[in-house]
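[1] would you be able to build a 3D model of this:
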Amino acid sequence: MSLSNPNLEGYSIVREFWLKYYNPSKQTFIAPKKCSGCYNDDRFVIWAVSVAAQAVVDGARIYPELRPLIPNAIRIFQKYKNQHIKGYSAAENSGNDRDIYYDDDAQVASAFVTAYEVTGEKYYLDQGRELVRFLMGGWNDNPNAKTKGGVSWHVTNHYLNACTTAEVAKVCLQISKFLPQEAHYYVEFAAKCVDWLIAVLQDPGDKLIKDGVQDTSTNINDTKWTYNLGTTLSASSHLYFITKDKKWKKIADELANAGINRGVFFYDRDYDNSKRYWRDSSYFVQLLIEGLADYLLYVGEEDNGDLPQRIHEEIKRHLVMFYEFMRDPKDGLYIQSFEPHLTYKEVYETKYKAQFGDRKGWGLKDEDKDGDQPQKCLMGCAAAARVFFQGARVVPQI
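    Next up is the predicted model:
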C-alpha cells in the first residue's frame, strides 16, 4: 500500500482520531491513556485541541461529510476560555484561569476563522474577531523594554517569540478579508509583526527565523524551528497578495527558498543531500508545509523561476517519507516524529535500513512512547492530518 491521494489520507486520519479521542458524553477529546499533550491523566492542552479542530475544518473543506463534526470540535474551546479577558487557557477552567499563551490562542483563532469560511456560521467569525482583538493586545509596547515590539508568548511572560508574532500576523490577515470595514487595521498590524520578525529574528545569512528574545534582554535564542519560518512565510506571502508591495514578495521569496534549502539548520544534514529531510516534529512541520502552500497560493509563479517546482518536489518527497515511516499500519494513525529512524521498530528494521542504511540507531522520541512502546496522541494524529491536507494543496496526487 502506498500514498496516492494526500487529501484522502488526511480524511482517514481525521475519521480515526475522532473515533479514538472524541468523547460525546463529555463533549471533548479524552485520552484513553495519559499521553503527550495531556495536562492531567486524560485531558489535552488547548494547543493539541486547536490543531485537532483545525484538522477537522481542513478536512470538511474537501469532504462535506466531515462538516457535522465542526460544531462539536469548535465547541470544545469554550471549556478553556477565560470569560473576563477573552483569551483561552492551556487547560480547561472555570472561566478565570490566566495560563494563556498567545501562540496557542492564535491557532484557536485560525480555527474559528476557517470554520466560518467553510460553514458561513457568523458565530465563528464573531468568536474569531473577539480573539484576534485579544491577540493584538499582546504586542510589546513597553517603553522600558530592552527589545521592543513583537508579540508576547504568554500573558505573564514577555518572551517575544517568532511563532507568536507570526501566527498572530497570519490570523489577522485571514480575518481581514471577512471584515472589510476593519481590514486595514488587521493588515497594518500584520505588517508591523512581519517587519519586526525580519528586523529582529531573521538570520541575514540563511534567512531562517530565530526563536525569540526576552523583552528584558537583547540575547536572542537562535534556535531555528520549521514553524517559525513557515508562519512568517504565510504572513509575508499573504501581505504581498493584499498589498502588491514588492517588499513582501522579496521577503517571501527568500523564506520560501530557505524552507527547502537542504543545507539549513532544520534539515537533518547527517545524510547526503538527496536523503536530507525536515527533522522537526510533525506539529511544527505542518506549519512549514502550510507556509509553502500559502506562498504558491499568494505569490505563485510570478518571476520565481523553478522555485514553485522545487517546492512541489520537496513537499511530495516529505509526504511520501512521512507516510512510509510514521504511519502505524494497524490503525492508520501517526506518531509525532518526522525522523525515519525514530519510529516503530519493525519499520526501522525493514524500511529505514533499506533506504538509509544503519547510519543511525533505532529509538523513539520521549513524546512518542510509553515505557519502551510506541504511543500515539491527539496532537500527533491531528498534525499528521494537517501535513497531508496542507501538502495536498501543492501535491493533490502522487
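[2] doesn't Tyr240 belong to a helix?
    Yes. Counting by DSSP: H, G, I helix; E, B strand; the rest coil, Tyr240 is located in a helix.
[3] give me the number of residues near it?
    When neighbours are counted by other Cβ atoms under 10 Å, Tyr240 registers 22. For the C-beta atoms, the positions are set from N, CA and C on the backbone; glycine is no exception.
[4] apart from its neighbours in sequence, what residue is nearest it?
    Distances taken as Cβ to Cβ, 6 or more residues apart in numbering put Trp248 closest to Tyr240, at 3.8 Å, once the chain neighbours are dropped.
[5] tell me, how many residues neighbour the nearest residue to Asn5 once chain neighbours are set aside?
    Once flanking residues are discounted, Asn5 sits nearest to Gln397: 6.4 Å by Cβ to Cβ, 6+ apart. Gln397 has 10 neighbours, counted by other Cβ under 10 Å.
[6] now the spatially most central residue of the chain: how far from Gly305?
    Closest to where the C-alpha atoms of the chain average out (Cα atoms, centre = their mean) is Leu287, at 3.5 Å. According to Cβ to Cβ, to the nearest Å, Leu287 and Gly305 sit 25 Å apart.
[7] and Phe77, by the same measure?
    Distance, Phe77 to Gly305, by Cβ to Cβ: 43 Å.
[8] more neighbours: the two, which one.
    Phe77 (21 against 8).
[9] my guess is the more buried one meets Gln107, correct?
    No. Using Cβ atoms under 8 Å, Phe77 makes no contact with Gln107, being 10.6 Å away.
[10] what do these two both touch?
    Common contacts of Phe77 and Gln107 (Cβ atoms under 8 Å, 6 or more residues apart in numbering): Ser50.
[11] show me where the stretch 151-300 of the chain has helices.
    Ranges of helices within the stretch 151-300 of the chain are 162-176, 183-196, 226-243, 246-259, 282-298, based on DSSP state H, counting those that start in this stretch.
[12] contacting residues for Phe388?
    Each residue near Phe388 by Cβ under 8 Å, 6+ apart is listed here: 6-7, 9-10, 13, 319.
[13] in helices, which of the residues you listed fall?
    Judged by DSSP state H, helices contain the following of the contacts of Phe388: 6-7, 9-10, 13, 319.
[14] tell me which two of these sit farthest apart.
    The two members of these with the most space between them (Cβ to Cβ) are Ile13 and Leu319, at 12.7 Å.
[15] neighbour count: these two, which is higher?
    Comparing Ile13 with Leu319 by other Cβ under 10 Å, the one with more neighbours is Ile13, at 27 against 22.
[16] do you know the pLDDT at the nearest residue in space to the more buried one that is not next to it in sequence?
    Nearest residue to Ile13, sequence neighbours excluded (Cβ to Cβ, 6+ apart): Ala385, at 4.1 Å. Ala385 is assigned 98 on the pLDDT scale.
[17] equivalent analysis for Asp268, please.
    pLDDT, Asp268: 97.
[18] ok, now which ones touch it?
    276-279, 339.
[19] let's see it at 7 Å
    Going by Cβ atoms under 7 Å, 6 or more residues apart in numbering, Asp268 touches 276-277, 279, 339.
[20] and what of Ser36?
    For Ser36, the contacting residues are 336, 367, 377, 379, by Cβ under 7 Å, 6+ apart.
[21] repeat for Phe178
    Shown in contact with Phe178 (Cβ under 7 Å, 6+ apart): 116, 125.
[22] check the gap between it and Phe241 for me.
    Distance of Phe178 to Phe241, given as Cβ to Cβ: 15 Å.
[23] over to Glu254?
    17 Å.
[24] which parts of the stretch 1-150 of the chain are helices?
    In the stretch 1-150 of the chain, the helices defined using DSSP H, counting those that start in this stretch lie at 6-21, 46-62, 69-75, 102-119, 122-136.
[25] and of these, who's closest to Thr350?
    helix 6-21 (20.5 Å).
[26] show me what the closest one is packed up against.
    In this structure, helix 6-21 packs against helix 46-62, helix 378-392, with contacts taken as 3 or more Cβ pairs under 7 Å, 6 or more residues apart in numbering; DSSP states H and E.
[27] give the buried residues for that helix.
    Within helix 6-21, the residues scored as buried using 16 or more other Cβ atoms under 10 Å are 6-7, 9-18, 20-21.
[28] next one: stretch 228-246
    For stretch 228-246, by 16+ other Cβ under 10 Å, it's 228-242.
[29] equivalent analysis for stretch 34-53, please.
    35-38, 42-53.
[30] now that stretch - C-alpha only, PDB.
    Taking C-alpha atoms only, stretch 34-53 is exported to PDB below (Å, rounded to 0.1, in the frame of the first residue of the first chain):
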ATOM      1  CA  LYS A  34      -2.200   9.600  29.500                       C
ATOM      2  CA  CYS A  35       0.000  10.600  26.600                       C
ATOM      3  CA  SER A  36       1.900  13.500  25.100                       C
ATOM      4  CA  GLY A  37      -0.200  16.700  25.300                       C
ATOM      5  CA  CYS A  38      -2.100  15.700  28.400                       C
ATOM      6  CA  TYR A  39      -2.100  18.200  31.300                       C
ATOM      7  CA  ASN A  40      -3.600  15.600  33.600                       C
ATOM      8  CA  ASP A  41      -4.500  11.900  33.100                       C
ATOM      9  CA  ASP A  42      -6.800  12.300  30.200                       C
ATOM     10  CA  ARG A  43      -7.400  15.900  29.000                       C
ATOM     11  CA  PHE A  44      -5.400  17.700  26.300                       C
ATOM     12  CA  VAL A  45      -3.900  21.200  26.400                       C
ATOM     13  CA  ILE A  46      -5.500  23.700  24.100                       C
ATOM     14  CA  TRP A  47      -2.600  23.600  21.600                       C
ATOM     15  CA  ALA A  48      -3.500  20.000  20.800                       C
ATOM     16  CA  VAL A  49      -7.200  20.700  20.700                       C
ATOM     17  CA  SER A  50      -6.600  23.700  18.300                       C
ATOM     18  CA  VAL A  51      -4.600  21.500  15.900                       C
ATOM     19  CA  ALA A  52      -7.300  18.800  16.000                       C
ATOM     20  CA  ALA A  53     -10.100  21.300  15.400                       C
END
